[in-house]
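got a predicted structure here, sequence first:
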Amino acid sequence: MKKSGKIALASFALSCIAFTNVQAQSTISRQPTFGIKGGVNFSTLFSDDNANEDNMLTGFNAGLFAKFPISDQVAIQPEVYYTTKGAKMTYDGLIDGESKFKLNYIEVPVLAVINLTDHFNVHAGPYAAYMVSGKISNDTNVGSSDTDLDTNDFKRFEAGIAAGVGVDLEVLSFGVRYNYGLTKVGKERTIGASTVTLPDAKNGTINAYVGFALN
């Protein structure tokens, strides 16, 4: 075989190896990922698109996630987790103290993830949530109390939009996300001759999280 033929054959063989290697890497990168995640919440209740940051309540979120790559740049990420929401209020006068209005949900977002780089992404999508419990806690200079809320007095289902940014490493992922509620927390009630919604507010929640891939 001539030298030029050997060079061509070697080049073809190297090209096949490289192509096979790229395909294998692409296949691995596009395998579904399953994992656990959790973090801290900063929540408030807002009305007429106005949120009071002074009323932010600190809580947590914890649950499961899955990521299904569609391409190297796009993936669909459904999640299910337990999350706390609500708000707090500080007051003073004859009685000084702090009141915390706590609402607890099972939440299911379905997010579109756009990979801007190998490790950095933006994500957004709708979420639905179901209220499982609630409580009002009062801590004052004259004593403390906890009162369980009747979930039937509230809209059990909530819907909204979530959007955030994330960093993906080999096994760990980190992110910050804002959940913007589109439905009001309270139900309509008739008081006297008037129909009002109590509480007449929506959930707004910032959550910072860490994820851990299990596969």
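Noted; the coordinates are in hand. Here the structure is a predicted model, which is why all the values come from computation and not from measurement.

for this structure, just list every one of the strands.
33-47, 50-51, 57-69, 74-91, 97-115, 120-140, 143-148, 157-168, 172-184, 187-191, 194-198, 202-213 (DSSP state E).

and the pLDDT for the residue nearest the centre of the chain?
Centroid check for the chain by C-alpha atoms, centre = their mean gives Arg177 as the closest residue, at 5.8 Å. The score at Arg177 is 98. That number is its pLDDT.

go ahead and confirm it touches Gly204.
No - using C-beta atoms under 8 Å, Arg177 is not in contact with Gly204; the gap is 11.8 Å. All C-beta spots, glycine's among them, are computed from the backbone N, C-alpha and C.

for the residue nearest to the centre of the chain, give the beta-bridge partners.
Arg177 has these beta-bridge partners by DSSP bridges: Gly164, Asn207.

could you check how far it is from Ala129?
14 Å (C-beta to C-beta, to the nearest Å).

over to Leu116?
28 Å.

when these two are compared, which one has more neighbours?
Ala129 (25 against 10; other C-beta atoms under 10 Å).

can you pull the contacts of that one?
Listed by C-beta atoms under 8 Å, 6 or more residues apart in numbering, the contact set of Ala129 reads 83, 105-108, 157-160.

Lys67: which of those is nearest?
Val108 (14.9 Å; C-beta to C-beta).

so for the closest one, what's the pLDDT?
Value listed for Val108 in the pLDDT field: 98.

that one contacts Phe157, correct?
No - with contacts counted by C-beta under 8 Å, Val108 stays clear of Phe157, the gap being 11.1 Å.

on that earlier part again, mean pLDDT lowest for which of the strands of the chain?
Across those, the lowest-scoring stretch is strand 50-51, with a mean of 61.

what is the burial count for Tyr209?
23.

skipping adjacent residues, who's closest to it in space?
Gly39 (3.3 Å; C-beta to C-beta, 6 or more residues apart in numbering).

the one you found: neighbouring residues, count only.
18.

just grab the bridge partners of it for me.
Asn61, Tyr209.

what's near enough to touch it?
60-62, 207-210.

how is this protein carved up into domains?
The chain breaks down by automatic domain parsing into domains covering 1-30, 31-213.

pick the most deeply packed of these.
Stretch with highest mean neighbour count among the domains of the chain: domain 31-213 (a mean of 16; mean count of other C-beta atoms under 10 Å).

please state the offset of that one from the chain centre?
7 Å (C-alpha atoms, centre = their mean, to the nearest Å).

measure it end to end?
12 Å (C-alpha to C-alpha, to the nearest Å).

how far away is the nearest residue to Ala62 once chain neighbours are set aside from Glu188?
Among residues not flanking Ala62 along the chain, Gly38 sits closest, at 3.8 Å (C-beta to C-beta, 6+ apart). From Gly38 across to Glu188, the span is 35 Å (C-beta to C-beta).

what sits opposite Leu103 in the beta ladder?
In beta-bridge terms (that is, DSSP bridges), Leu103 pairs with Lys85, Gly134.

isn't it up against Tyr82?
No - taking C-beta under 8 Å as the definition, Leu103 is not a contact partner of Tyr82, at 11.9 Å.
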